[in-house]
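Colleague: Okay, here's the prediction I keep looking at, along with the sequence it came from:
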Amino acid sequence: MKQLLTLLAAVAIVAAGCASGDGEFESVADTPENRAVAAERYEAAMPVEVLLEELVYSMVGRVAEDQRDAFLAHMAEAVDVEAMREVTHEVMVRHFTANELHAQAAFYESEEGKSVAIKSRAYMAELMPRFQSELVRAASEWMAAEGGQAAP
């Protein structure tokens, strides 16, 4: 399930990052140094805490209503935000060019991008449980038909 959440989070990041905005940036050479600078700009415009919050809120609907506050409090304490920040940076600079990262940052720095970031929590909270349910249903169907088993 963690792999599924990671996959869905990656899809959400890429989909949101591919949206265009009116933000400006000057084209730069695609070097490791420029990717790192652009990734830092993106991270400032769209902090990893925002993504984590969206993911946690997308999960909370699966927790009994009387336990949601305790779940949210636990997640706020238990999630290693710094580790998630580091892995996000590492993966971004591996997969996106410097200009792509600048374009994403420019989008999230724009008024539209800021609005998208705010609305993303409700969007993810509504969407992710449906994606998870459908993927689990389809995988269970395959497992029943093919005699497949989950990995240990």
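Modeller: Happy to help now that I have it.
Colleague: Just give the nearest non-adjacent residue to residue 61, would you?
Modeller: Once flanking residues are discounted, residue 61 sits nearest to residue 129: 5.4 Å by CB to CB, 6 or more residues apart in numbering. To be clear about C-beta, it is placed using only N, CA and C from the backbone, and glycine gets the same treatment.
Colleague: tell me which residues in the helix or strand encompassing the one you found are buried?
Modeller: Using DSSP states H and E, residue 129 sits in helix 111-146. Neighbour counts over helix 111-146 (16 or more other CB atoms under 10 Å) mark 113, 116, 117, 120, 121, 124, 125, 128, 131, 132 as buried.
Colleague: Skipping its backbone neighbours, what lies nearest the first one in space?
Modeller: Distances taken as CB to CB, 6+ apart put residue 107 closest to residue 113, at 4.3 Å, once the chain neighbours are dropped.
Colleague: The one you found - how many residues pack around it?
Modeller: Residue 107 has 24 neighbours, counted by other CB atoms under 10 Å.
Colleague: what about it, is that helix, strand or coil?
Modeller: Here residue 107 is recorded as helix under DSSP: H, G, I helix; E, B strand; the rest coil.
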